[in-house]
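Student: this one's sequence-less:
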């Protein structure tokens, strides 16, 4: 139980430092201490908390007109990915997770602050579907969503608020599917409740340190770590 709380707190710290990444960090580490499907339940529960807290700080900047395609596509993709989680072998999904972590981390480390390709605004819906599928299966819908929003001519506050709406709605929808499938067990809810306060504290601490520590160096450390975890799941999964 303590290991789960520590992982969730660390993922919250990553969220506070980078503005996103809770799902990636939590899903990268939780399978070390929980079964994959149990890890998905815990991340889905806590993702709602993280998204609500983050959105409250930027809700005035949310623009439905700009992000509606991305939001709708994300919700549409969730059940597709969720049923992949239910029916596909855990080893296959862990390797898919490893590949995703490696590709996304490597691209972020190489890209840095540059925008290599500006996606057309009309791509919002298909990109949202892709992110929803990944979120539904592995709680890691961030890569396509982040790539899309950061390629748009929006303010940082608009980007952050839109991401929280996408991720938050996906998390809520996914929770409904988990409840309907009887995958949520009492002990998982219990540990999630115990982790809520530490998670909020570390998320706040990360946001405070964000103002004092060079973000470029922090992002390099985060994505380098995720890349190593991706290699582990890709090549050391049995």
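Tutor: Done, it's in. Just so it is clear, the model here is predicted, and its values are computed rather than measured.
Student: Show me what the helix or strand where residue 226 lies packs onto, helices and strands only.
Tutor: Here residue 226 sits within helix 215-235, counting by DSSP states H and E. Under the contact definition 3 or more Cβ pairs under 8 Å, 6 or more residues apart in numbering; DSSP states H and E, helix 215-235 sits against helix 2-18, helix 22-29, helix 90-111. In short, each C-beta sits where N, CA and C put it, glycine included.
Student: tell me the angle the following helix or strand past the last one makes with helix 22-29.
Tutor: This points to helix 90-111. For helix 90-111, the succeeding helix or strand toward the C-terminus, using DSSP H and E, is helix 124-138. When axes from the mean of the first three to the mean of the last three Cα atoms, to 10 degrees is applied, the directions of helix 124-138 and helix 22-29 differ by 30 degrees.
Student: Now do helix 124-138: distance to the chain's middle.
Tutor: 11 Å (Cα atoms, centre = their mean, to the nearest Å).
Student: go on, stretch 152-162?
Tutor: 17 Å.
Student: quick check: angle from the worst-scoring helix or strand of the chain on mean pLDDT to helix 2-18?
Tutor: Least confident helix or strand, the chain: helix 215-235 with a mean of 74, by mean pLDDT, DSSP states H and E. Relative orientation of helix 215-235 and helix 2-18, computed by the same axes, to 10 degrees: 140 degrees.
Student: outside of helix 215-235, which residues touch it?
Tutor: 14, 17-18, 21, 24-25, 28-29, 31, 94-95, 97-106, 108-109, 112-113, 210 (Cβ atoms under 8 Å, 6 or more residues apart in numbering).
Student: again, 10 Å this time
Tutor: 13-14, 17-19, 21, 24-25, 27-29, 31-32, 36, 91, 93-113, 206, 209-210, 214 (Cβ atoms under 10 Å, 6 or more residues apart in numbering).
Student: Give me whichever of the helices and strands packed on helix 215-235 is most buried.
Tutor: Counting by mean count of other Cβ atoms under 10 Å, helix 22-29 has the highest mean neighbour count of the helices and strands packed on helix 215-235, with a mean of 27.
Student: just to revisit the earlier point, as CSV, the helices and strands packed on helix 215-235 with distance to residue 155 and mean pLDDT would be great.
Tutor: Below are those laid out as CSV (distance: least, Cβ to Cβ, whole Å; pLDDT from 0 to 100):
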stretch, distance to residue 155, mean pLDDT
helix 2-18, 17, 85
helix 22-29, 22, 81
helix 90-111, 20, 76
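Student: Out of the ones you listed, the one nearest residue 175 is which?
Tutor: helix 22-29 (13.6 Å; Cβ to Cβ).
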